[in-house]
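Novice: Have a look at this prediction, sequence included:
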Amino acid sequence: SQQGEEDPQALSIQEGENATMNCSYKTSINNLQWYRQNSGRGLVHLILIRSNEREKHSGRLRVTLDTSKKSSSLLITASRAADTASYFCATDGETSGSRLTFGEGTQLTVNP
Amino acid sequence: DAGVIQSPRHEVTEMGQEVTLRCKPISGHDYLFWYRQTMMRGLELLIYFNNNVPIDDSGMPEDRFSAKMPNASFSTLKIQPSEPRDSAVYFCASTLSSSGADTQYFGPGTRLTVL
């Protein structure tokens, strides 16, 4: 099975609300990245968190990493309709170098 | 930079036909990845190259799939013969170095439909 597993699989919220997506992985990692995919498009990098970091912020994004639980969460604050997309976590593994393993993704729908 | 370029964007073909997907990575990126995305299996890594050399092709589903990178600015993924179960979106991505901390830049994908 894939290294990263996201939950929930789908999330529907109203504009202005916060959205939280979770990712769990199985083996030790060096880095964890979050990507976004709009319908019909390729994935776009959002944020990276290293294994020695616990929290990272970028604009309305907040990522946390708990290596003891092998899990990460992505929080989008004050969501907008334009945030509607699928969100994927990707892990590199301690020995996999540039090779990333992507989770199954969370489909986020933000209703206006 | 124009980003990663893929062609065609859409391909519809009949079972048994040969399909060739093309990718131009971002200039200066040493790593190129081919992924396949389906609803059932998610995003799967098929193969990746470093400096035009295939490094890991363990994700290539079977011998019907082959990939080449004749130079730093061009790669192809070929399926011959194609089957309906090959229908998927195929993405190409490139990155600068071997670090897992580097961003992978994805192309827009090729949506393949095999009838």
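Specialist: Looks like it came in fine. Numbering: from 1, shown residues only, chains lettered A, B, ... in the order given.
Novice: neighbours of the residue of chain B found nearest chain A, just the number please.
Specialist: Residue of chain B nearest chain A, by C-beta to the nearest C-beta: B:Gly100 (2.5 Å). Every residue, glycine included, has its C-beta placed from N, CA and C. Using other C-beta atoms under 10 Å in any protein chain shown, B:Gly100 has 26 other residues around it.
Novice: hang on, it packs against A:Ser51?
Specialist: No - using C-beta atoms under 8 Å, B:Gly100 is not in contact with A:Ser51, being 9.9 Å away.
Novice: so what sits against both of those two?
Specialist: Taking C-beta atoms under 8 Å, 6 or more residues apart in numbering or on different chains as the contact rule, B:Gly100 and A:Ser51 both touch A:Ile29, A:Asn30, A:Asn31.
Novice: mind checking the SS state of the first one?
Specialist: The one in question is A:Ile29. coil (DSSP: H, G, I helix; E, B strand; the rest coil).
Novice: Not counting its neighbours along the chain, what's nearest it?
Specialist: Among residues not flanking A:Ile29 along the chain, A:Thr91 sits closest, at 4.6 Å (C-beta to C-beta, 6 or more residues apart in numbering or on different chains).
Novice: ok, now which ones touch that neighbour?
Specialist: Counted by C-beta under 8 Å, 6+ apart, A:Thr91 has contacts A:Gln3, A:Gly4, A:Tyr25, A:Thr27, A:Ile29, A:Asn31, A:Leu32, A:Gln33, A:Leu100, A:Thr101, B:Gly100.
Novice: coming back round to it: neighbour count added to the shared contacts of B:Gly100 and A:Ser51, as JSON lines?
Specialist: What follows is the shared contacts of B:Gly100 and A:Ser51, written out as JSON lines (neighbours: other C-beta atoms under 10 Å in any protein chain shown):
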{"residue": "A:Ile29", "neighbour count": "24"}
{"residue": "A:Asn30", "neighbour count": "17"}
{"residue": "A:Asn31", "neighbour count": "20"}
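Novice: could these go into a markdown table alongside pLDDT?
Specialist: Listed next are the shared contacts of B:Gly100 and A:Ser51 as a markdown table, based on pLDDT from 0 to 100:
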| residue | pLDDT |
| --- | --- |
| A:Ile29 | 90 |
| A:Asn30 | 90 |
| A:Asn31 | 92 |
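Novice: burial count for residue 110?
Specialist: As the question left the chain open, I've gone with chain A. The number of residues near A:Val110, taken as other C-beta under 10 Å, comes to 20.
Novice: my question was about chain B
Specialist: 22.
Novice: these two touch, right, it and B:Ser87?
Specialist: No - look at B:Thr110 against B:Ser87 with C-beta under 8 Å: they stay out of range, at 11.3 Å.
Novice: May I see the buried residues of the helix or strand of chain A with the lowest mean pLDDT?
Specialist: One helix or strand of chain A scores below all others by mean pLDDT, DSSP states H and E: strand A:5-7, with a mean of 81. Residues of strand A:5-7 classed as buried by neighbour count (16 or more other C-beta atoms under 10 Å in any protein chain shown): A:Glu5, A:Glu6.
Novice: If anything else comes up later, I'll come back, but that's it for now.
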